[in-house]
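Engineer: after the sequence you'll find the predicted model.
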Amino acid sequence: MRVTLDSLPGRVSKCSVALINPPYFERYSRSQRSPGVIKSGTMYYPYWLAHAAALLDQRGFPIYLYDCPAANMRREALLSELMNFQPRLAILETSTASAVNDCKLAAELKVALPGLSICMVGTHVTALWEETLRGFPGVDFVAIGEYDGIVAELAELLNHTAAGVAPALSELGAIAALGFRLADGTPARGPVRPPYRGCRWASLDCSHLSAVFESRKLLLLPG
């Protein structure tokens, strides 16, 4: 069973966004303090991706969260799902141990879906955002630090940019803590994003969302 959140009452049509915990080793847990293949029965679901998904959903974007290690979803299956969903933006979570794998996956997705923009997120690319943009042409953007607000602003920019047209560099540079490339390929970034203060989720209505494991696959279901 799979459910995308793109047909709720009152939703204005916007570009689709895929949030991906990429395929790697089965039961590889990126979200835990020390990412690795788990040996116990506890597997962290990608809660930071879920945070970003909730914010994107609140802003009216059709979203689909793929937790590939939990579902044992291989590259071919993920690609098939994405071909059906046709996202404009894909958010890929990464970790140090899986970084090369994840960035190579980004390149594969770009070949299969030429109109797709890819933003990498997580602590590894936060620390090495310039190296990531220099070394992996398949990665378009890097969210530096806590990324829910960053990817929401990026999605809004892409939504107002014609398909197949790159956003203006001045507009990309206005998104705080977003890493991107200049025309000559040099990595650049937006200004420092002020730290969040207080509970920024207090006003976020997620009453129609519930995250559940079913057959070891994370689904986002309307409540």
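Structural biologist: Perfect, I can see it now.
Engineer: where do the helices sit along the chain?
Structural biologist: Here the chain has its helices, by DSSP state H, at 47-58, 68-71, 75-85, 99-112, 123-127, 129-135, 148-159, 169-173.
Engineer: give me the nearest residue to the residue positioned nearest the centre of the chain, chain neighbours excluded.
Structural biologist: Centroid-nearest residue in the chain: I91, 1.8 Å away (criterion: Cα atoms, centre = their mean). Nearest residue to I91, sequence neighbours excluded (Cβ to Cβ, 6 or more residues apart in numbering): L19, at 4.6 Å. Heads up, the C-betas are built off the backbone N, CA and C, glycines and all.
Engineer: beta-bridge partners for that neighbour, please?
Structural biologist: L65, I91 (DSSP bridges).
Engineer: returning to what we had before: to P187, which of the helices of the chain lies closest?
Structural biologist: helix 129-135 (4.2 Å; Cβ to Cβ).
Engineer: give me the contacts around that closest one.
Structural biologist: Contact with helix 129-135 is made by 99, 103, 120, 125, 139, 142, 144, 179-181, 185, 187, 189, as judged by Cβ atoms under 8 Å, 6 or more residues apart in numbering.
Engineer: at 7 Å what do you get?
Structural biologist: Applying Cβ atoms under 7 Å, 6 or more residues apart in numbering, the contact partners of helix 129-135 are 103, 120, 125, 139, 142, 144, 179, 181, 187, 189.
Engineer: please report the distance of the nearest residue to the fifth one once chain neighbours are set aside from V192.
Structural biologist: Looking back up the chat, that one is V142. Once flanking residues are discounted, V142 sits nearest to G179: 3.6 Å by Cβ to Cβ, 6+ apart. Counting by Cβ to Cβ, to the nearest Å, the gap from G179 to V192 is 12 Å.
Engineer: these two: which is more packed in?
Structural biologist: With neighbours defined as other Cβ atoms under 10 Å, G179 and V192 compare such that G179 has more, 25 against 10.
Engineer: return the residues in contact with that one.
Structural biologist: By Cβ under 7 Å, 6+ apart, the contact list for G179 reads 129, 133, 141-142, 144, 187, 189.
Engineer: roughly how far does the spatially closest residue to F85 that is not a sequence neighbour sit from G164?
Structural biologist: Counting by Cβ to Cβ, 6+ apart, F85 lies nearest to Y64, which is 5.4 Å off, once chain neighbours are set aside. Y64 sits 22 Å away from G164, going by Cβ to Cβ.
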